[in-house]
Structures are given as C-alpha cells and as structure tokens.
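[1] The sequence isn't on hand, but the structure is:
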C-alpha cells in the first residue's frame, strides 16, 4: 500500500477493505444516496437562496418572471427602503422582536427554573396536586385560551404593547416540566453538601443547581427564543400600531401594504431570518437535540 | 434531635415520587417541624412567580372562556347579557349567522389535516432512513433539512407566496421550462390553493419530524438488526420486524404533534391565500380569531373555541386508542 495514490477525489473511499465482514460500502448505493440527499438539499435550500438573492434586486427585476439567481445589478435599495423611515419601520420591528423574544426567554428561564426546583427538590404539602395541574395544562389545546387571554390582556391595558407578547407566553408548562426532569437527574449529594455547609436554599439554587444546569437552561432558552421570535398569530391580533409590531406581524403588514413589493418583502424576510439562522448555526446541536429529546420522551 | 423520625431528607431524595417515602437509613440529618415549615415557605417563594403568571394566563382563562361563551359578549360594549347556551345551539343548529362560515372552517381544518398528516408521517421517515446510514456529512444534511423549520411561518409564507405567484413566480416559470402549464393559479383557486398550503407546510416542517425519527432510529439497538440478519431477514423484513416496532412510540408522538400542528394551521392561510378563494381555506383558528378578535363577536368566538376543543380532544383520544389497540394485539 506504500504507493497508494492520494488523489483528492477518492478521499471518501480509498482502497475498500470491507469493514466488519458485512457488505462494504456499495458505490452504486452511495451514489444513489448522495443523489437523493443532493436533490433534497436543493429543494430545501434553493428557496432560501432565492429569498436572499431577491432582497438584493431592484423592484423591477424582483418582479420579473425570468428568475435571476444572481442579481445582474445588485443593490441594497430594498434594505435602504425597509430600514429607512419611509413608513416601513423594520428596524423598529426588529427591536420589538428582540425585546419580546429576549424578555420572554429570560422570564421563562427565571420563573420556570425556580418553580421546577421547588417541584423537584422541596417537599411541601400539595406538591403532587400543583405538579399535576401544571402538567395537565400541557394537554389543553391553546385555542381555548385565545379569546379569554385577549380579554385579560385588554383588561391589564397591555393590548398593543410588548407586554402582551412577552408575559402570557411565559405561562406554558413545558419549561417547568423540562427543567424539573433535568433537576431530578442531578446528584442530590452536591446540594446536601452545600446545605450542610450552611448555604441557604436560595444560595444552593443559584450557586450549585443553576451552574450544573447550563445545558438544560441553554436548550430551553434556545427553544423559547425561537418560538417567541417566530410567533405569528398572537402578535398579529394583539399589536395594532405599525410601530409596535414584531417582525412576523410586520411582514404581514408589509405584504398587505399598497402594491406587493417583493424586493422589500424578501429584504424583510431576510432580516427576520438572519438572527434565528445565526442562533441555529451556533446552537444547532442544542436545538436539534432538544427537539428530538422532547420527541423521545413524549 | 427529636424522635419525630418521619421528616424527609433535606433535599427531597432522588425523585418527587418518593415524597411520602420514609427516609432511608443513610438519610441526611433528621429535621423536625420547623424545617418542614421552612420547606413549605421556600416552596411557596420558589413557585410564586411562575404560579402567578400561570394562574392569570392559563387557569383563569380556562374558566373565563367558558363564562364568556355563555354571554352575548363584545368587550367594546359595556353590557354582556347572559344568553346561556344560545351561542352553542346557534352554531350547532345553524341559526347563528356565523354557523355557516364556522362549519366551513372546521371542514377546511380537517381537510388540511387529512392531507398533511400522512405526508408528514411518511416522507420524514423516508428521509430519516436515508440519513440514518453512516456516511460523511450526515449531520450537515440533517441541519440543512431542519433549517426551514427554524424560520417560522411568516417568513416561510411570504417567501412561498412570491415563489408561487401565478405570473412572476419561480414555480410556474420552471413548470413552463419543462413544458407544463405555466399559468397555475397556485393561491387563488381550488384545488391549487390547498396543494400549495399542504406543500409549503410539508416543506416547512418535514425537518422537524425527520429529526425525531432519526433520534428514534438511532435508539434502536444494532444487536436487533444483527440478530435479524443472522436469522436471514432481508432488508424489507428487517424494516417491518425491527424498525417499525422500534418506532411505534415515536410514531404516536409524531402523529399527535403533527395533528395538533395541522389543526392549529393559521399563518400559511392568513399570509398566502388570505383564507381564499372566498373563505375556502380559512381554517378554524383563523375563523375564531377573525370573529372574536376582529369583529368582536367574542361570545360566539369563545363558544367556537370550546366546540373546536371538543373535537380536538376526541381526535386525541382516537389517536391514543388507535395506537394502544395495536400494542395490545401484538
């Protein structure tokens, strides 16, 4: 084997010593497999590429029936318009979305971790009932809450404010359930040691439990942020003023405004996508693992 | 130390299920009534922030929604006269002016669900089976297919409305290129509007179900496949006798989650077809939101939500029993 060629094209399968005695990698099968995977990749990714590409076109070429995958005359005109002040406060929507998603995520992480800790580690009368009621609401279809929550938010004076898209969404049971499961799996000895050393419950929670729970907190944080960032139905109905909308609701306003301008819409869509795609790139493992773990446990 | 030995381990033992269990011999120092009171106080403090939000936005609305549905409620008006079950009977007998559009929206919801769920059960499984082979770049493909799901319905719907535009859309353009009809009214007439809504939804959410299938496939013990192979099972037999049984709990999960998501379909309709043509693609949630939150017939809309919820619970139970039966028959 000393004269083995080192062609770059054969790195995937150089000399084929059959592994593990079973049928080795069948080249035909592999070609077919990558063919399918490649076709799917094109199907899933090309619309996104076209979205980005269109956002750099001028209005006329965005509305042209001949597809231009690479803008012949790339321009940031759509972004200038959309981020400018000409009645399309996308920058404002971006800020609202960030405040809403970050605010709700923080609220969930704080309230759910505290509640989950009590349910996992503290004994008190009625614990089983409290837990059962919280978990029971996981099975309540959200439609039921739509109308009454709108009325409650109205009574609190929160309609058309960010409070409406930050607070009610933090009432879900998933975070409490998810963190409680994680806390139950932590070794109790560390907390007992801290307690014996005289640490209060609060200190034990802050200095022992939370640091040990970083993976769970990050996962829950990611999922909460993504969910809030992408939420559509609720913001569309509770936020009316253009300047108070979040990005998804704003996109719908943009789509309904005057003649449809696809260059502007695609620029808005790109702006709404970039933060989540970046977050997804960085935390891909957490997001995907979180989703699949939720699936296996369900 | 007192001899009231019934107090619990300081930090609650290993599991909440052992709340009432007597402390084991190796339990940490025994504590008395005072510490139990302190436990309760701590628990209240730790639970309070969440429980306040939970009560105001989950528990209270459950009851409030029922109360509203029994009134002629319009929150822009001062009076809310009690009407008993009238909101319900009006919808059920067709007397209510909203009955027709409501039942049409219920039908639209079921149609959408019946079309999407089978596709979202089968296609992601096929993709997961392909991805479950060992090959370089597997994680990259997994990440790519999941990407649209991360984007959220507003971006997805706005993007596809562009791609499906009858005159300037890419889809019609490429249909023309391969010699097919290039003037399909994808979003403005039937059955095309449904095909578009279902297709886009599959495109958007396929990755989610794929990831769950993939995790389940990787949990099936390789030894089972080895054993089947030794017994002379071919690929199809291995799939039927090892893969499918191993996936059963996950199939139940995916079925329920997909049904719930399909029944809650809103953004695709709202942004891509605006419920049209006419109100043909207006789904249940869409109708409830429009009637309750735009036209302020809030009592009617609350009754609609409760009828809708009733259907959902029936379907959930049916799914549950369908899968339980099959387990029992094995």
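    Cool, got the structure. Just so it is clear, the structure is predicted and the values come from calculations on it, not from any experiment. Numbering: from 1, shown residues only, chains lettered A, B, ... in the order given.
[2] how many neighbours does residue B:231 have?
    Residues lying near residue B:231 (other Cβ atoms under 10 Å in any protein chain shown) number 10. In this view, the C-beta of every residue, glycine as well, is placed from N, C-alpha and C.
[3] Can you pull out the low-pLDDT segments for the chain?
    All of this refers to chain A. In the predicted model of chain A, residues A:1-25, A:85-87, A:258-259, A:294-298 satisfy pLDDT under 70.
[4] wrong one, I was asking about chain B
    Where chain B drops to pLDDT under 70, the residues are B:1-31, B:325-330.
[5] switch the cut-off to 80
    Chain B contains residues with pLDDT under 80 at B:1-34, B:75-76, B:323-330.
[6] In it, what residue lies closest to chain A?
    For chain B, the residue closest to chain A is residue B:152, as judged by Cβ to the nearest Cβ, at 2.6 Å.
[7] Okay, and that residue sits in which element?
    helix B:138-163 (DSSP states H and E).
[8] Tell me, how many residues neighbour the nearest residue to the residue of chain B closest to chain A once chain neighbours are set aside?
    Using Cβ to Cβ, 6 or more residues apart in numbering or on different chains and skipping residues adjacent in sequence, the residue nearest residue B:152 is residue A:230, 2.6 Å away. Other residues lying near residue A:230 total 24 when counted by other Cβ under 10 Å.
[9] Which positions within stretch A:82-92 qualify as buried?
    Neighbour counts using 16 or more other Cβ atoms under 10 Å in any protein chain shown place A:82, A:83, A:88, A:89, A:90, A:92 of stretch A:82-92 among the buried residues.
[10] In JSON lines: those residues, plus distance to residue B:61 and secondary structure.
    Formatted as JSON lines, the buried residues of stretch A:82-92 follow (distance: Cβ to Cβ, whole Å; DSSP: H, G, I helix; E, B strand; the rest coil):
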{"residue": "A:82", "distance to residue B:61": "36", "secondary structure": "helix"}
{"residue": "A:83", "distance to residue B:61": "38", "secondary structure": "helix"}
{"residue": "A:88", "distance to residue B:61": "34", "secondary structure": "coil"}
{"residue": "A:89", "distance to residue B:61": "31", "secondary structure": "coil"}
{"residue": "A:90", "distance to residue B:61": "33", "secondary structure": "helix"}
{"residue": "A:92", "distance to residue B:61": "30", "secondary structure": "helix"}
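[11] Distance to chain B for these - can I get that in CSV?
    Shown next, in CSV, are those (distance: Cβ to the nearest Cβ, whole Å):
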residue, distance to chain B
A:82, 13
A:83, 17
A:88, 14
A:89, 16
A:90, 13
A:92, 16
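[12] thinking again about what came up before, quick one: contacts for the residue of chain B closest to chain A?
    Each residue near residue B:152 by Cβ atoms under 8 Å, 6 or more residues apart in numbering or on different chains is listed here: A:226, A:229, A:230, A:231, A:232, A:248, A:272, A:276.
[13] Against residue A:233, how distant is it?
    11 Å (Cβ to Cβ, to the nearest Å).
[14] Kindly report the same for residue A:101.
    Where residue A:233 is concerned, residue A:101 sits at a distance of 16 Å (Cβ to Cβ).
[15] neighbour count winner among these two?
    A count of neighbours by other Cβ under 10 Å puts residue A:101 above the other of residue A:101 and residue A:233, at 26 against 20.
[16] from what I can see the more buried one touches residue A:225, true?
    Yes. Under the contact definition of Cβ atoms under 8 Å, residue A:101 touches residue A:225, with a separation of 4.9 Å.
[17] can you count the residues close to the closest residue to residue A:89 other than its chain neighbours?
    Once flanking residues are discounted, residue A:89 sits nearest to residue A:243: 5.4 Å by Cβ to Cβ, 6+ apart. Counted with other Cβ under 10 Å, residues neighbouring residue A:243 total 11.
[18] so residue A:243 touches residue A:92, yeah?
    Yes. Using Cβ under 8 Å, residue A:243 is in contact with residue A:92, at 5.4 Å.
[19] residues contacting the closest residue to chain B within the stretch 151-298 of chain A?
    At 2.6 Å from chain B, residue A:230 is the closest residue in the stretch 151-298 of chain A, using Cβ to the nearest Cβ. Contacts here follow Cβ under 8 Å, 6+ apart; on that basis residue A:230 touches A:248, A:276, B:150, B:151, B:152, B:153, B:154, B:155.
[20] Now distance to residue B:316 too, for those residues, in a markdown table please.
    Output for the contacts of residue A:230, formatted as a markdown table (distance: Cβ to Cβ, whole Å):
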| residue | distance to residue B:316 |
| --- | --- |
| A:248 | 28 |
| A:276 | 30 |
| B:150 | 27 |
| B:151 | 28 |
| B:152 | 25 |
| B:153 | 23 |
| B:154 | 28 |
| B:155 | 30 |
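[21] Report how many residues lie close to the residue nearest to residue B:94 when sequence neighbours are not counted.
    Closest residue in space to residue B:94, ignoring its immediate chain neighbours: residue B:100 at 7.2 Å, by Cβ to Cβ, 6+ apart. Look at residue B:100: counted by other Cβ under 10 Å, it has 12 neighbours.
[22] So which elements touch the helix or strand encompassing residue B:100?
    Assessed by DSSP H and E, residue B:100 sits inside helix B:99-131. Using 3 or more Cβ pairs under 8 Å, 6 or more residues apart in numbering or on different chains; DSSP states H and E, the elements in contact with helix B:99-131 are helix A:27-55, helix B:86-93, helix B:138-163, helix B:192-219, helix B:244-263, helix B:284-289, helix B:298-329.
[23] try it again with 6 Å
    helix B:192-219, helix B:244-263, helix B:284-289 (3 or more Cβ pairs under 6 Å, 6 or more residues apart in numbering or on different chains; DSSP states H and E).
[24] Is any residue of the very next helix or strand once past the second one near chain A?
    Moving toward the C-terminus from helix B:244-263, the first helix or strand encountered (DSSP H and E) is helix B:267-268. Yes. With Cβ under 6 Å from any Cβ of the partner chain as the measure, helix B:267-268 is seen reaching chain A through residue B:267.
[25] what's in contact with helix B:267-268?
    Residues from elsewhere that reach helix B:267-268, judged by Cβ atoms under 6 Å, 6 or more residues apart in numbering or on different chains: A:232, B:153, B:157, B:197, B:200, B:201.
[26] if we go to 8 Å?
    Helix B:267-268 is contacted by residues A:232, A:233, A:248, B:153, B:154, B:156, B:157, B:197, B:200, B:201 when judged by Cβ under 8 Å, 6+ apart.
[27] State the distance from the third one to residue B:106.
    Read it as residue A:248. 26 Å.
[28] of the two, who's got more company?
    residue A:248 (28 against 19).
[29] Can you give me every residue that contacts the more buried one?
    A:97, A:230, A:231, A:232, A:235, A:236, A:272, B:152, B:153, B:154, B:155, B:267.
[30] Ok, residue B:323 next?
    Residue B:323 makes contact with B:248, B:251, B:252, B:255 under the criterion Cβ under 8 Å, 6+ apart.
[31] Please apply the same query to residue A:171.
    B:53, B:54, B:56, B:57, B:58.
[32] Chain A next: which of those are close?
    B:53, B:54, B:56, B:57, B:58 (Cβ under 8 Å from any Cβ of the partner chain).
[33] related to what we said a few turns ago, most neighbours among the contacts of residue A:230, which one?
    Of all the contacts of residue A:230, the most densely surrounded is residue B:155 (30 neighbours; neighbours counted as other Cβ under 10 Å).
[34] and that residue, how far is that from residue A:291?
    19 Å.
[35] one step back: is the residue nearest to residue A:89 part of a helix or strand, or is it coil?
    helix (DSSP: H, G, I helix; E, B strand; the rest coil).
[36] now residue A:265
    helix.
[37] Cross-check the contact I'm expecting between it and residue A:251.
    Yes. Using Cβ under 8 Å, residue A:265 is in contact with residue A:251, at 7.0 Å.
[38] intersection of neighbour lists for these two?
    residue B:158.
[39] What sits closest to residue B:188 if chain neighbours are left out?
    residue B:277 (5.8 Å).
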